[in-house]
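1. Predicted structure and sequence below. I'll ask about it afterward.
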Amino acid sequence: MLIKNSYQRSSLPAADFLLALLIIAAAFCSGANGQNQTAPLKAFTPPNFSIGGVLHHDDSFTSAGCRAVAAREFNAITSTAYLPYNVWADPTQPINTNGFTQVADWGIGNGLKIHGHVLVYPHINKDAPWWQRLPNNEVENMLFRYVDTFARARAGNVWCWDVVNEVIAEDNQPMDALGLRTDFKEYQAMGPGYVEKAFHWAKAADPNALLILNEAGCDVWNNKSTRMFEFVKYLRRRGVPIDGVGFQYHFVDVTQPNPDVDSLRRNLKRFADAGFKIFITEVDVASIRTKAPGPHHPGVSTPSDQQRQRQKRFFEQTLKIALEQPAVKAYLFWDFVDDYSWLHKTDRKIYNIQPGTYTHPTPFWCGKECPISPKQAYYGMLETLKTTPRVYRAD
């Protein structure tokens with residue numbers, strides 16, 4: 001998933017100890033829902049299970065408040081890199097890994113596991129004009145350079161890489177017999193083998209990182225998730241070093257009033273039974289605004305109590321399903337503070353949500369225009385972590 005059409009290196013604000021204390025006090029001591037914080041989310045995670053969220057180096061990472069939340073609450077973070085957005089704007093120049101490594105180094109220094117996103121993302125790569133103009137016979141060499149450079153950037157310190165992202169076709173998209181989209185430049189230049197090669201390149205560059213295929217629209221048991229299931233088994237039969245899969249949990253409470261808990265659970269189980277590690281990589285729950293302004297964001301209306309309760313239920317139920325399945329290694333938010341979310345406000349029509357809509361899709365209110373504070377959803381997940389029976393998880 002992409003946050004915005006920019007990838008500019010930005011200077012990190014100087015540390016402000018007093019500001020951090022004020023933010024932490026506002027976010028966790030006051031209790032926006034009349035509840036008091038006693039311990040962070042990570043204090044209740046079982047062994048070999050991680051909870052965390054994404055920090056984009058040119059956006060949420062620049063916020064002292066977001067960093068304070070991540071350092072307090074999480075034991076893992078996602079650090080991002082996208083080829084087109086000033087990372088490799090000119091193929092005659094070196095690849096710029098500074099944004100990715102800046103966030104990764106901060107996470108490592110704070111004892112957080114690093115989830116890297118993403119090495120091969122054809123849907124986004126097309127946004128680089130030079131990539132679109134690139135002759136097909138040069139694509140493999142350029143793709144290798146990118147994968148190898150980023151996989152080596154913090155080799156030995158990255159816990160997990162999204163090696164390939166969003167390449168399984170939807171029902172109405174052009175696809176091959178493996179279920180791969182055929183309208184991407186990478187496919188047209190290299191055939192289906194580009195996915196296999198990317199995993200082999202990543203493994204050679206960083207042998208210690210877990211390597212996964214990350215997908216959207218595969219959270220429940222459906223045609224697309226079945227294509228994904230068959231494809232990752234195919235990769236493994238061919239000796240591809242794929243350790244697991246990533247599921248993007250993007251929900252909208254008005255179009256999905258209740259998560260299909262049974263389908264979510266059965267879908268995870270079939271991948272687990274096949275021997276794949278599972279990562280829930282991009283969790284958010286869009287909760288459509290009401291007309292009346294609310295207290296949590298100046299000038300922006302907030303969801304009704306009914307909507308907040310539905311959002312809370314989504315987070316609770318999906319986290320519980322993840323905790324109950326031993327193969328699930330992580331539950332990661334995308335994003336975790338409203339003001340930095342790609343869905344708040346939307347810049348285009350997404351999931352039938354009109355552009356300009358504030359959807360409040362994360363566990364924390366605000367972030368830019370008012371202090372960060374936890375929502376009912378946050379406290380629901382805290383209770384879920386405390387009360388869900390622990391299952392044994394292998395490393």
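-> It's in. Numbers count the residues shown, from 1 in each chain.

2. hang on, residue 245 is in a strand, isn't it?
-> Yes: counting by DSSP: H, G, I helix; E, B strand; the rest coil, residue 245 is found in a strand.

3. can you pull the pLDDT of it?
-> Predicted confidence (pLDDT) for residue 245: 98.

4. again, but for residue 233
-> On the pLDDT scale, residue 233 gets 98.

5. Enumerate every residue touching it.
-> residue 274 (Cβ atoms under 8 Å, 6 or more residues apart in numbering). All C-beta atoms are positioned from the backbone trio N, CA, C, and that covers glycine.

6. Now for it, which secondary structure element holds it?
-> Element membership of residue 233, judged by DSSP states H and E, is helix 223-237.

7. Could you tell me which residues within that helix count as buried?
-> 224, 225, 227, 228, 229, 231, 232, 235 (16 or more other Cβ atoms under 10 Å).

8. Going by distance to residue 266, which of those wins?
-> residue 225 (10.1 Å; Cβ to Cβ).

9. With adjacent residues omitted, what lies nearest to the closest one?
-> Leaving out its chain neighbours, the residue that sits closest to residue 225 by Cβ to Cβ, 6 or more residues apart in numbering is residue 218, at 3.9 Å.

10. Touching, that neighbour and residue 230? I think so.
-> No: with contact defined as Cβ atoms under 8 Å, residue 218 does not count as touching residue 230 (11.8 Å).

11. For the longest helix along the chain, buried residues please.
-> Ranked by number of residues, the top helix in the chain under DSSP state H is helix 305-324. Buried residues in helix 305-324, counting neighbours by 16+ other Cβ under 10 Å, are found at 307-323.

12. helices or strands up against it?
-> helix 261-273, strand 277-286, strand 328-333, helix 376-387 (3 or more Cβ pairs under 8 Å, 6 or more residues apart in numbering; DSSP states H and E).

13. how close does the nearest residue to residue 168 once chain neighbours are set aside sit to residue 324?
-> The spatial neighbour of residue 168 that comes closest, neighbours along the chain excluded (Cβ to Cβ, 6+ apart), is residue 228 at 4.9 Å. Counting by Cβ to Cβ, to the nearest Å, the separation of residue 228 from residue 324 is 21 Å.

14. Ok, residue 58 next?
-> 37 Å.

15. Then residue 42?
-> As judged by Cβ to Cβ, residue 42 and residue 324 stand 19 Å apart.
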